[in-house]
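Chemist: Quick one, structure for this:
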Amino acid sequence: MKLGIVGLPNVGKSTLFNAITKAGAEAANYPFCTIEPNVGVVAVPDERLKILTDMYKAKRTVHTAIEFYDIAGLVKGASQGEGLGNKFLGHIREVAAIVHVVRCFDDPNVVHVDGTINPLSDIETINLELILSDMEVVERRLQRTQKNLKGDKSLQAELDNLNKVKETLEKGLSARTMDLTDEEENFVKSLDLLSYKPIIYAANVSEEIIAAGGENEYVQAVREFAATEGSEVVVICAKIEAEISELEEEEKALFLEELSISESGLDKLIKSSYRLLDLISFLTAGEPEVRAWTIKRGTKAPGAAGKIHTDFEKGFIRAETIAYDKLIECGGNLAAAKEKGLIRSEGKEYEVKDGDVIHFLFNV
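Modeler: Have a look, this model is predicted:
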């Protein structure tokens, strides 16, 4: 899973990236210090893996992972090539979802590219550039479809869909705000529009605000806007995340406790991205390895098996499945679980659930 971290210059974007990936992207108080997208791979925290590893005395534990892309700062006019606009827009196209870092703190020592702190204006600037870029894509497709329609009347539905998207974009609204039927949704997805990508607004606040509960007037404004388009909001403090990244696990827990923070910004971002992209994890467990695998909610057993190896999907016979909680109740003893009838034999139509511990049977 790839998430692109975007934002105007000097909002704390690269500081956050450094903190959650420890990849060392340069962070400086001036625009465009990030030119190429730095990439960091982060293990997805999952307490279930540790418990299963201890239970099975597994030799290896493998977490599922998220790739974070730190994408160059954006300014007005990016869709026309201003600043590093073309590179920025090209890199966004490669990610599954966008983490838009929005400045929600006052600090006279950190300049704002527009000279004033206004999170809604910042959001509008980036969203507008994505919309303008999308309009070019839609216009080109419209011209081609109108031309081909003369010889192929079956393209009328496509033309209608394109006009619906165009009308939304012309109102200054992102494509993700559209109310679509399943058929329309499949078509819009095929256009690969930037403003259709799911988005998490990461409201970057000061240490004082995060310690006081993480809310201020800036955050509230971001929440209200996000609600209009069904987007997620995560309140983080990039400076605190930077401090947390230098600590060992035990120290990290004490540090968060001292600040009365239940979880780190990274953990919140990961949970939010899973909700936004409708993802779940299933588990495989044994002495050689305990591992988490990420799939889309609703994936059927053969598709989940294919995440492990294509041969598992091609030769799928059945999935021997037990819910994680039930396995723990039996102390990890599969024989006891079987006696209690807790291990199920599932076929090709079974939709895998979050926390399923699965052993796949296949024949190639």
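Chemist: okay, CA-based contacts and neighbour counts for the rest of this
Modeler: Will do.
Chemist: For this structure, give me the ranges with low pLDDT.
Modeler: 22-37, 72-88, 108-115 (pLDDT under 70).
Chemist: again, only this time at 80
Modeler: 20-38, 72-90, 107-117, 151-153, 249, 364 (pLDDT under 80).
Chemist: Spit out the contact partners of the most centrally placed residue in it.
Modeler: For the chain, S273 is the residue whose C-alpha lies nearest the centre (C-alpha atoms, centre = their mean; 3.6 Å). Contact partners of S273, counting by C-alpha atoms under 8 Å, 6 or more residues apart in numbering, are 97, 200.
Chemist: Specify the local secondary structure of it.
Modeler: helix (DSSP: H, G, I helix; E, B strand; the rest coil).
Chemist: list the buried ones in the helix or strand that contains A227?
Modeler: Secondary structure from DSSP states H and E places A227 in helix 217-229. Of all the residues in helix 217-229, those buried under the rule 16 or more other C-alpha atoms under 10 Å are 218-219, 222-223, 225-226, 229.
Chemist: nearest to E185, of these?
Modeler: Distance to E185 across the buried residues of helix 217-229 (C-alpha to C-alpha) is lowest for E229, with 15.4 Å.
Chemist: Any idea how many residues pack against the residue nearest to that closest one when sequence neighbours are not counted?
Modeler: Counting by C-alpha to C-alpha, 6 or more residues apart in numbering, E229 lies nearest to T177, which is 5.0 Å off, once chain neighbours are set aside. By other C-alpha atoms under 10 Å, 15 other residues sit near T177.
Chemist: Contacts only, for T177.
Modeler: With C-alpha under 8 Å, 6+ apart, T177 has these contacts: 196, 228-230.
Chemist: now the strands: where do they sit in the protein?
Modeler: Using DSSP state E, the strands of the chain run over 2-6, 38-43, 61-62, 65-70, 97-103, 199-204, 232-236, 279-284, 290-296, 316-323, 344-346, 356-362.
Chemist: Format those as TSV; extra columns: distance to N186 and mean neighbour count.
Modeler: Shown next, in TSV, are the strands of the chain (distance: least, C-alpha to C-alpha, whole Å; neighbours: other C-alpha atoms under 10 Å):
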stretch	distance to N186	mean neighbour count
strand 2-6	21	24
strand 38-43	29	17
strand 61-62	34	16
strand 65-70	25	21
strand 97-103	17	26
strand 199-204	19	26
strand 232-236	22	23
strand 279-284	19	20
strand 290-296	16	21
strand 316-323	28	20
strand 344-346	29	15
strand 356-362	29	19
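Chemist: how about these, which one is nearest K171?
Modeler: Here strand 199-204 is closest among the strands of the chain (C-alpha to C-alpha), at 19.3 Å.
Chemist: Tell me the strands beside that closest one, with direction?
Modeler: strand 97-103 (parallel), strand 232-236 (parallel) (DSSP bridges).
Chemist: Just give me how far that strand sits from the chain centre.
Modeler: With C-alpha atoms, centre = their mean, to the nearest Å as the basis, the distance from the averaged C-alpha position of strand 199-204 to the chain average is 11 Å.
Chemist: CA-only coordinates of that strand, as CSV, when you get a sec.
Modeler: Extracted C-alpha coordinates of strand 199-204, given in CSV (Å, rounded to 0.1, in the frame of the first residue of the first chain):
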residue,chain,number,x,y,z
ILE,A,199,-7.6,11.5,1.3
ILE,A,200,-6.6,11.8,5.0
TYR,A,201,-6.1,15.3,6.3
ALA,A,202,-3.3,15.2,8.9
ALA,A,203,-3.8,18.3,11.0
ASN,A,204,-0.4,19.2,12.3
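Chemist: ok, and what's touching that strand?
Modeler: Applying C-alpha under 8 Å, 6+ apart, the set of residues contacting strand 199-204 is 11-12, 97-105, 219, 222, 226, 231-238, 272-273, 276.
Chemist: and if you look at stretch 281-297?
Modeler: Residues outside stretch 281-297 that contact it (C-alpha under 8 Å, 6+ apart) are 49, 52-53, 56-64, 277-280, 304, 307-308, 352-359.
Chemist: Take those residues and keep only those in helices.
Modeler: The helices, defined by DSSP state H, take in 49, 52-53, 56, 277, 304, 307-308 from those.
Chemist: Just send those residues back as CSV, with neighbour count and distance to A202 too.
Modeler: Below are those laid out as CSV (neighbours: other C-alpha atoms under 10 Å; distance: C-alpha to C-alpha, whole Å):
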residue, neighbour count, distance to A202
L49, 19, 28
L52, 25, 32
T53, 21, 33
Y56, 17, 38
L277, 16, 16
A304, 25, 31
K307, 14, 30
I308, 13, 32
